[in-house]
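A.B. asks: build the 3D model from these lines:
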Amino acid sequence: MDSSPASPLAPRDPSSPESSIGEQIATLQAQLAALQASQPAAAAAAAPPAVTIVPGNAATASKVVFPKHARLDGPKSFTNWLRQLRLALPNQVRGYVLDGVVPPTWTADQLAARDDAAREIIVGSIDSADVSAILVTVAHKPFVTVACAVTVTPTRLGPPDVHRPDFSTYREPASAEESPDELDIIGRHSRDESPDEIDFLTQHHRAFIATDDDDPTLDAIEPVKSITSDPQTWREAMSSDEHNIWAEAAAAEFTAMRDDFKVFTIEPRSSVPPGATIVTSKFVWKTKRNASGEVTGRKARLVAQGNRQRDGIDFSETFAPVARFSSIRCLLALAAANGYHVHQADIDKAYLHGELDHDIWMTTPRGFDFPSDKVLRLRRSIYGLKQAGRIWNRHIDTSLRNLGYKATGTDHCIYSRIDDQQRPHYIALYVDDLLIVSPALDEIERVISGLEQRYGVKRLGPAEYILGIQIRRLDDGSIALSQERYIMDVLARFHFDTTTRGTTVPMTPGLSLTAIPGQGTERIRSWYLQAIGSLLYISLGTRPDIAFAVSYLSRFANNPGRRHWIAVKHVLRYLRATYRDELLYARGPAKVTGVVGYSDANWGACVDTSISTMGYVFYLAGAAVSWSSKRQTRVADSTTDAEYLALSHAGKEAIYLNQLLSELHVCPIAAAHIFTDNEAAAAVAHDPVRTSGTRHIRLREHFVRDMVNRGDISLSHVGTADMVADVFTKALGPKIFGTHCYALGLRTRHPRLKSTSRSRGGGV
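C.D. replies: Residues are numbered from 1 along each chain as shown. Prediction:
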């Protein structure tokens, strides 16, 4: 019997829940489109945000959802849930709820007759030239689902959005009623905010994102890959405007895995051994874009949901290294300083090349016409399995070694090679992305041709975009790194548009935040964590100027309050003004022989713990390649103590960077040089002075002294005004902050907004 699917899109039962939901969505879309066409003048005349409420009726409000054991007892209870419903809707809608949403023929008894467990908020958008018509089905705890339609005039950030209309499913948390203070944190703006800073949660329904019932797990994907409008489920993909493209991509993926890579065999469920785990499968949808944000293709990837795998039975080892950001920046700095070529390649379907050492069974993918008694037996590694990354890394490591490259001891994903002419060549590996740095184009061709003998390789040419970082080669050979596109996506996600006022610094000087006792609300914490995660990726990539602000605000991620959220929005407003800033690594003439850095500490900076904040920055080719801002691990009893701990922290990074340069065949290697503005700390590092103020220092904290005595690190004093690392320990004023940003190597590609221009210590 042929077990192959007859079609990538199997016909669905019209009576199924999914079909019913799809029909409801299509019907409501048609109603909204008709409404939009019949009222063009009103929509055009309204000032943004223009709001129109469509009265509810039996069609638009027929989806009634109750949590279990919830009942309405008469008109009083009915009135109470209406009041709660108003709080769940945007401010513009609340005045229309009673008359415009609830069908007058519904009684409390009729509503109470429904007893379902699900509580959903389904939001769909229909884009047109001027307006977006939004259909909202709201379920507010612990009562009933109703429906309304809202027409708003959106504002956009930068270029027109290329995102498709989407249907996302939200769920309301089943927690106790919020207190008035919590609602105030979400829904009102304070006296110290401008109108454009109004919390974005007031513009949207207060619920946090979750997956569908058939999608119980969240994939661990890099932050840069999480801010797209790509479908999250099969249903979303098939209900989108690009459903034909997604369907073709899914069919091509499945066919390639089955026929080309022999990833699995289709077997009867009876062949699964007793007690064996059958992992579920799903498609992950990805829109490919270039550095300018233009769509270059769409991909469907069939993955396993490895959360059901059992340690020791379905997998053993899982660790797989990836290149550090600082290592990649070092390679690019060397390329800029020496005029090396930088090319990029991508291994197609990388994870499918490794063979499994455990028997793993997987369900057939959704959307394909398989008999219910069929399962897939995996023969090769597949995306989503816990051991997949490790298997692939070992496979590609063997291939690169066969090409004459050797992994460095300091970073196992940075490879180097010396040719017969004593020229160095480098490869940075990040999962399936390769960054090849070489003084000779023929070496780059040799590497790619060698890899093509084992894999499908996409030749991407001169590197332009990797891991959300744009790489720009200037005419003089310098290399500029930025995250402009990613920052714009983050700002759009949190509804910061072209009218949002920018700021000159990421954090207000003198700002002091404290932890809030108790457990914070899951709702605010979810949005706060999303913002901090996105900002952290930006600060780790190309923006050392926000490192302190992000590190400081991340301390309150467990229980953020209203003031913490305002501080996060301040950082976003700063990025709105500076999103075109880039790190610039200059071309020669000085030869790179070692690293130079700055170390600083802010004694007792933490209000809650009195722990000091320390930071460092190290340079290559005229710009920062490594930086850090973090709290120390213990309370320092003096500024000398705090600065000495900071020196030890910076010294470890200095040794790492110099070892990396040595393995990259940069010769000769000079001692790493660190500047400090505390002479007492430098004295303790040079000599074994034991006084009442230093005798308590732990042995491991004397690491920097050992490195100084061995000649691996040298120290010098610098004035406080010239201490660049000061930007990693405290919030600074605009003038000194701009000077330090310029010293970090940050430059503005295009003229800044007039209202937010700031000094960079002399300009570009």
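A.B. asks: least confident secondary structure element in this protein?
C.D. replies: strand 208-209 (a mean of 25; mean pLDDT, DSSP states H and E).
A.B. asks: any idea which helix or strand comes after the biggest helix by length in the chain?
C.D. replies: For the chain, the longest helix by residue count, based on DSSP state H, is helix 639-663. Sequence order places strand 672-676 as the next helix or strand after helix 639-663, per DSSP states H and E.
A.B. asks: show me what that following strand is packed against.
C.D. replies: Contacts defined by 3 or more CB pairs under 8 Å, 6 or more residues apart in numbering; DSSP states H and E place strand 672-676 against strand 596-602, helix 639-663, strand 713-717. C-beta: built from backbone N, CA, C; applies to glycine.
A.B. asks: so who does Ser626 touch?
C.D. replies: 326, 329-330, 597, 616-618, 653, 657 (CB atoms under 8 Å, 6 or more residues apart in numbering).
A.B. asks: show me the shaky parts of the stretch 151-300 of the chain.
C.D. replies: 151-229, 291 (pLDDT under 70).
A.B. asks: 50 - rerun?
C.D. replies: When residues are selected by pLDDT under 50, those of the stretch 151-300 of the chain lie in 151-228.
A.B. asks: so which bits of stretch 413-433 are buried?
C.D. replies: By neighbour count with 16 or more other CB atoms under 10 Å, stretch 413-433 contains the buried residues 413-417, 424-433.
A.B. asks: filter these down to the ones in strands?
C.D. replies: When the buried residues of stretch 413-433 are checked against strands (DSSP state E), the matches are 414-417, 424-430, 433.
A.B. asks: and Arg705, backbone torsions?
C.D. replies: phi -60, psi -40 (degrees, to the nearest 10).
A.B. asks: how many residues are close by it?
C.D. replies: 21 (other CB atoms under 10 Å).
A.B. asks: likewise for Val617?
C.D. replies: 29.
A.B. asks: quick check: it touching Val724?
C.D. replies: Yes: at 5.9 Å, Val617 counts as touching Val724 under the criterion of CB atoms under 8 Å.
A.B. asks: which residues are common contacts for those two?
C.D. replies: Common neighbours of Val617 and Val724 are listed as 598, 744 (criterion: CB under 8 Å, 6+ apart).
A.B. asks: so, low pLDDT: which residues of the stretch 501-650 of the chain?
C.D. replies: In the stretch 501-650 of the chain, no residues with pLDDT under 50.
A.B. asks: helices of that one, start to end?
C.D. replies: 522-541, 547-554, 562-578, 639-663 (DSSP state H, counting those that start in this stretch).
A.B. asks: could I get those in CSV, plus columns for distance to Ile611 and mean neighbour count?
C.D. replies: Listed next are the helices of the stretch 501-650 of the chain as CSV, based on distance: least, CB to CB, whole Å; neighbours: other CB atoms under 10 Å:
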stretch, distance to Ile611, mean neighbour count
helix 522-541, 20, 20
helix 547-554, 12, 24
helix 562-578, 18, 21
helix 639-663, 9, 23
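A.B. asks: dump those to JSON lines, plus distance to Pro734.
C.D. replies: Below are the helices of the stretch 501-650 of the chain laid out as JSON lines (distance: least, CB to CB, whole Å):
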{"stretch": "helix 522-541", "distance to Pro734": "19"}
{"stretch": "helix 547-554", "distance to Pro734": "14"}
{"stretch": "helix 562-578", "distance to Pro734": "11"}
{"stretch": "helix 639-663", "distance to Pro734": "25"}
